[in-house]
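J.: here is a sequence with its predicted model. Questions after.
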Amino acid sequence: MSQIHFHEDFYIPVLKGSKTQTARIDEPIPELGPGTAIFDHGKSIPIEITAVSHKSFDEMSLEEAHKDGFKSKDELWYTLLTFYPDLQKSDLLMLVEFKRVVI
């Protein structure tokens, strides 16, 4: 079962289902199926990883930015830079799609 670590700021969006994707670099590819979203403050949410794809930020659509919980690609870009300060828009991102599992 894969675990995906998130900053605590993303707990509520994942819990509410408004964040159903995360963009990552230099991380192992998670397995499709059951997983856990783990947050900085120690909380966790069961998820199902439904898809993994790779593309550059330049190739991402506005819909993908929305899946990531952002209103615009610019908002997503500036947030990505807080985690990956050397990121270039042409660098390959791993997009992990998931859905919250209600128990």
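T.: Yes, it's here. Remember, predicted model here, so these are calculated numbers, not experimental data.

J.: check which helices and strands the top helix by length along the chain is in contact with.
T.: Looking across the chain with DSSP state H, the single longest helix is helix 73-83. When contacts are defined as 3 or more Cβ pairs under 8 Å, 6 or more residues apart in numbering; DSSP states H and E, helix 73-83 sits against helix 62-67. The way it works is simple: take the backbone N, C-alpha and C, and place the C-beta from them, glycine included.

J.: buried residues in the longest helix of the chain?
T.: By neighbour count on 16 or more other Cβ atoms under 10 Å, the buried set for helix 73-83 is Lys73, Leu76, Trp77, Thr79, Leu80.

J.: for stretch 55-71, same thing?
T.: Buried residues in stretch 55-71, counting neighbours by 16+ other Cβ under 10 Å, are found at Phe57, Met60, Glu64, Ala65, His66, Lys67, Asp68, Gly69, Phe70.

J.: and for stretch 41-48?
T.: Buried-residue list, stretch 41-48, by 16+ other Cβ under 10 Å: Ile45, Ile47.

J.: same thing with stretch 5-18?
T.: Phe6, Phe10, Tyr11, Val14.

J.: secondary structure element for the last one?
T.: In other words, Val14. Using DSSP states H and E, Val14 falls within helix 11-16.

J.: can you give the contact residues for that helix?
T.: Phe6, Lys19, Ala37, Phe39, His41, Lys43, Ile45, Ile47, Gly69, Arg100 (Cβ atoms under 8 Å, 6 or more residues apart in numbering).

J.: in strands, which of those residues fall?
T.: Applying DSSP state E to these, the entries found in strands are Phe6, Ala37, Phe39, Ile45, Ile47, Arg100.

J.: after the helix holding Val14, which helix or strand is next?
T.: Counting by DSSP H and E, what follows helix 11-16 is strand 21-24.

J.: confidence score at the residue most central in space within the chain?
T.: Central residue check for the chain by Cα atoms, centre = their mean: the C-alpha nearest the mean position is that of Thr22, 0.9 Å away. Note for Thr22: predicted pLDDT of 98.

J.: out of the buried residues of stretch 5-18, who's nearest Pro30?
T.: Proximity of the buried residues of stretch 5-18 to Pro30 was ranked by Cβ to Cβ; the top entry is Phe6 with 12.7 Å.
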